[in-house]
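Engineer: What would the 3D arrangement of this be:
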Amino acid sequence: MTEQINNGAEQAPERGDRKSRRGYVVSDKMDKTVVVQLQDNVKHALYGKVIRRSSKVKAHDEQNAAGVGDLVLITETRPLSASKRWRIVEIIEKAK
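Structural biologist: Residues are numbered from 1 along each chain as shown. This next block holds a predicted model:
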């Protein structure tokens with residue numbers, strides 16, 4: 001029998017794709033946390049009208065760089081607190 005030598009390093013399990021979303025910061029009153037409002041346009045199943053739905057999520061902001069009105073790119077991450085599941089990747093556009 002032949003055995004493959006792995007040099008002691010095990011293969012890390014393949015990680016699934018993480019969701020990325022763009023949204024506007026609506027609150028930055030917490031330390032290292034911002035509230036981001038995400039908008040999604042969905043088509044009504046029966047009538048076909050486009051409906052604008054929005055949801056708010058809390059995102060981790062390590063440098064406290066994002067302010068209210070900034071357009072940010074956030075990505076899904078492991079749970080950081082009871083309600084924080086996202087982190088800021090980049091600030092796309094600063095508020096004027």
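
Engineer: Can you list the strands that the helix or strand that contains Ile51 pairs with?
Structural biologist: Using DSSP states H and E, Ile51 sits in strand 50-60. Here strand 50-60 is paired, per DSSP bridges, with strand 33-43 (antiparallel), strand 84-93 (parallel).

Engineer: Local confidence estimate at Lys58?
Structural biologist: If you check Lys58, the pLDDT there is 98.

Engineer: Who does it form a beta bridge with?
Structural biologist: With DSSP bridges as the criterion, Lys58 is bridged to Val35, Lys84.

Engineer: Relative to Ile88, how far out is it?
Structural biologist: 11 Å (C-beta to C-beta, to the nearest Å). Any C-beta I mention is one placed from the backbone N, CA and C, and that applies to glycine too.

Engineer: Find residues that contact each of the two.
Structural biologist: Common neighbours of Lys58 and Ile88 (criterion: C-beta atoms under 8 Å, 6 or more residues apart in numbering): Val34.

Engineer: And the pLDDT for the residue most central in space within the chain?
Structural biologist: Nearest to the mean C-alpha position of the chain, counting by C-alpha atoms, centre = their mean, stands Thr75 at 2.8 Å. Thr75 is assigned a predicted lDDT (pLDDT) of 97.

Engineer: which of the residues in the helix or strand hosting it are buried?
Structural biologist: Element membership for Thr75, per DSSP H and E: strand 71-76. Residues of strand 71-76 classed as buried: Leu71, Val72, Ile74 (neighbour count, 16 or more other C-beta atoms under 10 Å).

Engineer: now swap in stretch 88-96 and tell me
Structural biologist: Neighbour-count burial for stretch 88-96 flags Ile88, Ile91 (criterion: 16+ other C-beta under 10 Å).

Engineer: Need the contact partners of stretch 77-94.
Structural biologist: 18, 20-22, 33-34, 36, 57-62, 65-67, 70-76.

Engineer: mind checking the end-to-end distance for it?
Structural biologist: Taking C-alpha to C-alpha, to the nearest Å, stretch 77-94 runs 23 Å from one end to the other.

Engineer: where are the low-confidence patches of this structure?
Structural biologist: Along the chain, segments meeting pLDDT under 70 span 1-10, 12.

Engineer: I'm done for today, thanks for sticking with me.
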